[in-house]
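Novice: predicted model and sequence follow; I will ask about them next.
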Number of protein chains: 2
Amino acid sequence: MTDIEQTPAWRALAAHAQASSHADLNTLFAQDPARANNLRVQGSGLLLDYSKQRLTPETRDLLLELARSCDLPQAIAAMFVGEHINKTEDRAAWHVALRAPRDTGFPDEVHTEVHKVLDAMAGFTDNLRSGLWRGYTGETITDVVNIGIGGSDLGPRMVCRALAGLESEPAVHFVASVDPQEMHDMLSRLDPARSLFIVTSKSFTTAETLANASAARDWLRANGAGEEDIAKHFVAVSTNAQAVADFGIDTANMFGFWDWVGGRFSLWSAVGLSISLALGTENLRELLSGAHAMDEHFRSAPLQQNLPVMLALVGIWNRNFLNMPSLVVAPYAQRLEHFPAWLQQLEMESNGKSTAADGSPVAVATAPAIWGSVGTNAQHAYFQMLHQGSDVLPVDFILSLAGDGPRRDQLVANCLAQAEALMTGKSAAQVRAQGISERLVTHRSFAGNRPSNMLVLEKLDARNLGALLAAYEHKTYVQGVIWGINSFDQWGVELGKVLAERILDELQEGQAGQHDASTQALIDIAKRPADL
Amino acid sequence: MTDIEQTPAWRALAAHAQASSHADLNTLFAQDPARANNLRVQGSGLLLDYSKQRLTPETRDLLLELARSCDLPQAIAAMFVGEHINKTEDRAAWHVALRAPRDTGFPDEVHTEVHKVLDAMAGFTDNLRSGLWRGYTGETITDVVNIGIGGSDLGPRMVCRALAGLESEPAVHFVASVDPQEMHDMLSRLDPARSLFIVTSKSFTTAETLANASAARDWLRANGAGEEDIAKHFVAVSTNAQAVADFGIDTANMFGFWDWVGGRFSLWSAVGLSISLALGTENLRELLSGAHAMDEHFRSAPLQQNLPVMLALVGIWNRNFLNMPSLVVAPYAQRLEHFPAWLQQLEMESNGKSTAADGSPVAVATAPAIWGSVGTNAQHAYFQMLHQGSDVLPVDFILSLAGDGPRRDQLVANCLAQAEALMTGKSAAQVRAQGISERLVTHRSFAGNRPSNMLVLEKLDARNLGALLAAYEHKTYVQGVIWGINSFDQWGVELGKVLAERILDELQEGQAGQHDASTQALIDIAKRPADL
């Protein structure tokens, strides 16, 4: 592709970044009383205040020019009509179709298929939650375990936790890791007669997932369930009917999806069955409807009023023009504790690449490191570094305003105060004015001018959560478009898988392979751990 | 302080980094058959293989020269004798004394005090676990909740999870966040008559912790416990006897510690009471003894054979000479899932600073961003970026070799394969040789040459865990010494607290404050969320 660094839009931004590199946020606020109003965008119940970023309306206009020069409007349209924007795998990335109501302009066959699966999920959910579905001893199901990994785990796990206040029986659990201990710990807490397992794997060949599913099946059998009882305790989210049947699952209880649903965009598909079971069909529909509202906003709002677009452009500014290598995400809501892990996969697996969609190298920095945790806890852990560390790390604060009473106010006050403190800082003169001992003055000063976004939702309900997640999905796509990346493949996970199979053979069969001396020595130690 | 960049040792490293910037790991292994053996260090049951780092024995020698030029041996000795190495707060950082057996060379009064508290913890643990301790209805305690935040939460939470296989009744839980939902969710699962709360706060004034403790006390009272029953359900880890008594806790059940125990180094003190209750006194002692063994190794091993020292120096190399802004930590053990969060506080709160201990600015980059998660899951989430992203992100792999059978082998194989794949990569020629379509060749190629550490433990037991944690503590101290930082204060958390109190007043009392326009607008929205 064209070297993006050489385009007029990119060069204009680079020149602007250099010219404004000494800009101080406190000064910018003092100079422009309309700043907070001008650098803010709302969409589908979410508010994004990006006025605490190190930019001005002029920066925004240059970023919008960059977006237009990358044909962003056309790229947005292409996603919605199902063009094969996943170029390397030659297919659509059509997760927006998963949350579209019937008859909203997608092709009939897509609407039909999507809603057939949603209806099947609703039927199964109602059966299980109403107690019609029974286990092998005739008892109802009290516990559901979703077995999946990556996109088959992080999305539904995050949503179920985020909406925990809405859940009722059955209790829904998640097991992902290949570490046998995790499934072991889980099974020790369950009653086999009252447990149901959802095996979530598109191909039904994911090693970790199949190993965990087999362990669960063995445990059921060891507890007296017969071969024919397996179908009462297992359902599948998959597209591989033969493998599902071979495992012992009735394919009537196999919930399918399509090759145009990427793993990290799949919680809206049948992968969300665990969400439906935990929260009920109505709440799942609300989640989808919130995401759909954000989709409509993303599709139709002008770029400058488009929340996901502005979220993406601010990120491009920080990453490519201010050279910030991380993005910290700090939700001020305990129930969003799994949000950072979901976001890590979304952004880093989508855009953690150095090859453009057309196969040429990308000349600029792509996805930053994304990490973070619930803000109130993080304040007592690593926020020290955000305030006084040697690198400037931008933060996305996510604030839900729901609830009332003093503790809600504490939560809100802490969130707003952290963003304020990062920006305003505290000068040596202010510290001295407090009468602090001279030898501590520099230790207790804060440089300030540290940028953040504030994303506000009125409350953390299913609808707003859907909108929030869709906003970050679209942000990711927009950044991919600007970097020229295909955000929907993940070729980088292949090599490790291949090498793991080779080492596994060597550990189990004992034959020697071809490795560097370090890997070889470690394999030898792994064969005789007592030597350590 | 002296500008470290201008010292001969630093300049030698900078010149060496420039001269060797094109070094390729595969070539280095091919050229030096002894490489894996030479770039490895063992201590207290742990093995660190750093031969997959982008360095040579010459680099190591230059790093060791840097360490010596920063008087590292003296700094290590100073920590053990209790010098006031926490200069800005004028006190010792004596966490090594917390895990020293009686009569191992620390001053008598330290040994006496430390072991008095350990003995009190053991007595209480035995009482509670044996069923002598009863709640207000005369029943035994089945559930313990540790209420604390930051260092009063992350350490014990991580240890209890890491050693989950050793736990028995009572079940121990952790509540940290100021988000009222977290305590609400916890209480809804507990029986008031059989629950005990540990309130962990040195000052007994931490807002989040006191709010959660009060919520628990109100819940007990609402469930029929009298004022005088509170002492049967609450104990304290604190030094503020008056506040503890005012809360309703019997000060006989207050477990103290000392101002020379920093929050993020405190799990070895009375803050570990939850560990003792979950795992029993013997396992806590094993944990301490593993840490002590690492302490002895750190104190006595020559720098080149010193595991924490080498871990630190490799980090300095990556951060300051190869300019890598992140360190990813990937444990291959589900039970280490909270390890990254603990490590984040340890390293980023300790060394996320720009002011040297003597008050002068630090001229070089200090703590990198530390983040990560359990490796098997991360492979299916963001490892794409580690393999093919635009930035090179070094990884610390942590591998426990315990267990047998095929799934243990899968775990080991995956861990070793990821490190191998990151380093060896896959050239375009290798991809073409597989007959891959030309348009996918660059997408499916891997640059390789991506560095990692491999930290191996035979098994994840209490003793090895203690050694692992102590190794990272000492790593952190060593890096602080080299950067000239006091690793034991945290002035950077103050400003946010002060501003939060101000905003809280405004939210509750309604008077207007002095803020930038963005913060003011957000406060206004928080007062009327329905306007959103």
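Specialist: Thanks, I have the structure now. What you see is a predicted model; the values in this text were computed from it and never measured. Numbering: from 1, shown residues only, chains lettered A, B, ... in the order given.
Novice: which residue does the stretch 151-300 of chain A have closest to chain B?
Specialist: A:D179 (3.8 Å; CB to the nearest CB). From N, CA and C alone the C-beta is placed, and that goes for glycine too.
Novice: show me the contacts for that residue.
Specialist: Applying CB atoms under 8 Å, 6 or more residues apart in numbering or on different chains to A:D179 gives the contacts B:332-335, B:374, B:376, B:407, B:411.
Novice: of these, which belong to helices?
Specialist: With DSSP state H as the criterion, helices contain B:376, B:407, B:411 from among the contacts of A:D179.
Novice: now narrow these to whatever sits close to chain A.
Specialist: Contacts with chain A within these, as defined by CB under 8 Å from any CB of the partner chain: B:376, B:407, B:411.
Novice: out of those residues, which is most surrounded?
Specialist: B:L411 (29 neighbours; other CB atoms under 10 Å in any protein chain shown).
Novice: distance of that one from A:G492?
Specialist: 21 Å (CB to CB, to the nearest Å).
Novice: one step back: tell me how far the residue of the stretch 151-300 of chain A closest to chain B lies from B:P331.
Specialist: Where B:P331 is concerned, A:D179 sits at a distance of 10 Å (CB to CB).
Novice: got it, and A:A77?
Specialist: 44 Å.
Novice: got it, and A:F383?
Specialist: From A:F383 to B:P331 the distance is 24 Å (CB to CB).
Novice: ok, what's across the strand from A:F397?
Specialist: Beta bridges link A:F397 to A:A330, A:M454 when assigned by DSSP bridges.
Novice: list the contacts for it?
Specialist: Here A:F397 is in contact with A:330-332, A:375, A:415, A:418-419, A:452-455 (CB under 8 Å, 6+ apart).
Novice: same question, A:A378
Specialist: Counting by CB under 8 Å, 6+ apart, A:A378 has contacts A:330, A:372.
Novice: related to what we said a few turns ago, and A:A77 and B:P331? Which one has more around it.
Specialist: Applying other CB under 10 Å to A:A77 and B:P331 shows that B:P331 carries more neighbours, namely 29 against 12.
Novice: and the pLDDT at the more buried one?
Specialist: pLDDT for B:P331: 97.
Novice: contacting residues for it?
Specialist: So B:P331 contacts B:337, B:339-340, B:372, B:374-375, B:397-398, B:400 (CB under 8 Å, 6+ apart).
Novice: near chain B, which residues of the stretch 101-250 of chain A?
Specialist: A:149-151, A:153-154, A:164-165, A:176-182, A:185, A:207-208, A:211.
Novice: just those: which are in helices?
Specialist: Reading helices off those with DSSP H, I get A:154, A:180-182, A:185, A:207-208, A:211.
Novice: from those, which would you call buried?
Specialist: Neighbour counting with 16 or more other CB atoms under 10 Å in any protein chain shown marks A:154, A:180-182, A:207-208, A:211 as buried within those.
Novice: hmm, which two among those residues are most spread apart?
Specialist: A:L154 and A:P180 (20.6 Å; CB to CB).
Novice: related to what we said a few turns ago, reformat the contacts of A:D179 as a markdown table; add distance to B:P529.
Specialist: Output for the contacts of A:D179, formatted as a markdown table (distance: CB to CB, whole Å):
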| residue | distance to B:P529 |
| --- | --- |
| B:Y332 | 44 |
| B:A333 | 42 |
| B:Q334 | 39 |
| B:R335 | 40 |
| B:V374 | 37 |
| B:T376 | 41 |
| B:R407 | 48 |
| B:L411 | 46 |
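Novice: which of the residues you listed scores worst on pLDDT?
Specialist: Confidence-wise, B:R407 trails the rest of these, at 82.
Novice: next one, pLDDT for the nearest residue to that residue once chain neighbours are set aside please.
Specialist: Spatial nearest neighbour of B:R407, chain neighbours left out: A:P180 (4.3 Å); criterion: CB to CB, 6 or more residues apart in numbering or on different chains. We note a pLDDT of 82 for A:P180 in this prediction.
Novice: show me what contacts A:P180?
Specialist: A:211, A:215, B:403, B:405, B:407-408.
Novice: kindly report the same for A:M310.
Specialist: A:41, A:48, A:50, A:60, A:304.
Novice: repeat that with 10 Å
Specialist: A:39-41, A:43, A:48, A:50, A:53, A:60, A:63-64, A:67, A:301, A:303-304, A:453, A:475, A:478 (CB atoms under 10 Å, 6 or more residues apart in numbering or on different chains).
Novice: and the strands in chain A, which stretches?
Specialist: A:40-43, A:46-49, A:143-147, A:171-175, A:195-200, A:234-237, A:254-255, A:326-332, A:369-372, A:395-400, A:452-457 (DSSP state E).
Novice: neighbouring strands - and their directions - for the fifth one?
Specialist: In this case it means strand A:195-200. In the sheet, strand A:195-200 lines up with strand A:143-147 (parallel), strand A:234-237 (parallel) (DSSP bridges).
Novice: any idea how far the last one is from the middle of the chain?
Specialist: This means strand A:234-237. 23 Å (CA atoms, centre = their mean, to the nearest Å).
Novice: ditto for the first one
Specialist: With CA atoms, centre = their mean as the basis, the distance from the averaged C-alpha position of strand A:143-147 to the chain average is 21 Å.
Novice: is it true that A:I525 touches A:L507?
Specialist: No - A:I525 is not in contact with A:L507 according to CB atoms under 10 Å; the separation is 11.2 Å.
Novice: tell me which of the two has more neighbours.
Specialist: Legend: neighbour count by other CB under 10 Å for A:I525 and A:L507, higher for A:I525 (21 against 18).
Novice: report pLDDT for that one.
Specialist: For A:I525, the predicted pLDDT is 94.
Novice: go on, A:T2?
Specialist: 68.
Novice: does A:N464 touch A:L46 like I think?
Specialist: Yes - using CB under 10 Å, A:N464 is in contact with A:L46, at 7.0 Å.
Novice: any common contacting residues for those two?
Specialist: In contact with both A:N464 and A:L46: A:290, A:293-294, A:457-458, B:532, using CB under 10 Å, 6+ apart.
Novice: closest one of these to A:P101?
Specialist: A:A293 (10.6 Å).
Novice: burial of the closest one, as a residue count?
Specialist: A:A293: 20 neighbours (other CB under 10 Å).
Novice: what residues are up against it?
Specialist: Counting by CB under 10 Å, 6+ apart, A:A293 has contacts A:43-46, A:99, A:463-464, A:466-467, A:470.
Novice: can I get those in CSV including neighbour count and distance to B:S390?
Specialist: What follows is the contacts of A:A293, written out as CSV (neighbours: other CB atoms under 10 Å in any protein chain shown; distance: CB to CB, whole Å):
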residue, neighbour count, distance to B:S390
A:G43, 23, 29
A:S44, 25, 31
A:G45, 20, 34
A:L46, 25, 29
A:R99, 24, 31
A:R463, 22, 36
A:N464, 24, 33
A:G466, 28, 31
A:A467, 24, 30
A:A470, 31, 26
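Novice: looking at the residues you listed, which is nearest chain B?
Specialist: A:G45 (7.1 Å).
Novice: for that closest one, what are phi and psi?
Specialist: phi 90, psi 0 (degrees, to the nearest 10).
Novice: so it makes contact with A:L460?
Specialist: No - with contact defined as CB under 10 Å, A:G45 does not reach A:L460; the gap is 11.0 Å.
Novice: for chain A, name the helix or strand with the lowest mean pLDDT.
Specialist: helix A:180-187 (a mean of 88; mean pLDDT, DSSP states H and E).
Novice: perfect, that will be all.
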